[in-house]
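Novice: the sequence isn't on hand, but the structure is:
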Ligand SMILES: [Zn+2]
Ligand SMILES: [Zn+2]
């Protein structure tokens, strides 16, 4: 049993690492095509980002692998595969519930990690990317990686979710994690600066967090930042 749990964790770590390399590599390539010299001079930093990210991938794989094993072997979790098990309207609701729960967890743990002692111990690694690049998506100290790694594996025990909806949640998580750090905005101006952008977080918003540290802590939504007065609005890409 211990061996199959270990194998499941290792397999999941490998999947997360591959997902990171493909997603960050893909957006780094897009960056090269769109803004040729944006990462010029950042090679040493990018090497550090990749190193921390691969270590994070290993950590992310452990709870995910254990839960995946329990789901397969013992029917743990509230992941369902038959779309008829819940009403169809529940699918978008469950996706939003996952995103909101993850966002809430991220906002409060992130704010907490900006307290000086915790910042030095855990979060400074992420902010060592100045400016962050597409490779910084998982550039976290192991302590911070641990806080992120447990979220989805915990939520699957609490909120029923169709396996495809969970796949979409993980895709959104991956794409936003990379694109929010890549140093330019891929979403159209009407979205970022329009009514939807007032509530959604994209690269322009997170850039300001990396410039100023003491604001814009959210992950997907500006809800908590606005509610708590930590939303300082959109940032600027000084390298463009
Ligand atoms: Zn960041
Ligand atoms: Zn931060």
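Specialist: Arrived safely, thanks for sending. Note that the coordinates shown come from a computational prediction; the quantities given were computed from them, not determined experimentally. Ligands and ions are numbered 1, 2, ... in the order given.
Novice: show me where the protein has helices.
Specialist: In the chain, the segments counted as helices under DSSP state H are 2-34, 43-74, 90-112, 116-118, 124-127, 142-149, 151-158, 163-179, 189-192, 203-212, 223-227.
Novice: which one of these lies nearest to residue 236?
Specialist: helix 203-212 (7.1 Å; Cβ to Cβ). (C-beta placed from N, C-alpha, C; glycine too.)
Novice: returning to that earlier point: dump the helices of the chain into CSV; add mean neighbour count, mean pLDDT and distance to residue 80 as well.
Specialist: Listed next are these as CSV, based on neighbours: other Cβ atoms under 10 Å; pLDDT from 0 to 100; distance: least, Cβ to Cβ, whole Å:
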stretch, mean neighbour count, mean pLDDT, distance to residue 80
helix 2-34, 16, 97, 20
helix 43-74, 18, 98, 11
helix 90-112, 17, 98, 10
helix 116-118, 10, 97, 37
helix 124-127, 18, 98, 34
helix 142-149, 19, 97, 23
helix 151-158, 18, 98, 10
helix 163-179, 17, 98, 7
helix 189-192, 13, 97, 32
helix 203-212, 20, 97, 33
helix 223-227, 16, 98, 28
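Novice: nearest to residue 238 among these would be which one?
Specialist: helix 203-212 (8.0 Å).
Novice: who are the contact partners of residue 198?
Specialist: Listed by Cβ atoms under 8 Å, 6 or more residues apart in numbering, the contact set of residue 198 reads residue 222.
Novice: likewise residue 121?
Specialist: 141, 143.
Novice: now with 10 Å, please.
Specialist: By Cβ atoms under 10 Å, 6 or more residues apart in numbering, residue 121 lies in contact with 113, 115, 141, 143, 144.
Novice: and the second one, how far from residue 234?
Specialist: Distance, residue 115 to residue 234, using Cβ to Cβ, to the nearest Å: 26 Å.
Novice: please identify which of the two sits among more neighbours.
Specialist: Set residue 115 next to residue 234 and count neighbours by other Cβ atoms under 10 Å: residue 234 wins out with 19 against 11.
Novice: correct me, but that one touches residue 211?
Specialist: No - if you go by Cβ atoms under 10 Å, residue 234 and residue 211 don't touch, sitting 11.1 Å apart.
Novice: I'd say residue 146 and residue 55 touch.
Specialist: No - counting by Cβ under 10 Å, residue 146 stays clear of residue 55, with 11.2 Å between them.
Novice: which neighbours do these two share?
Specialist: residue 140.
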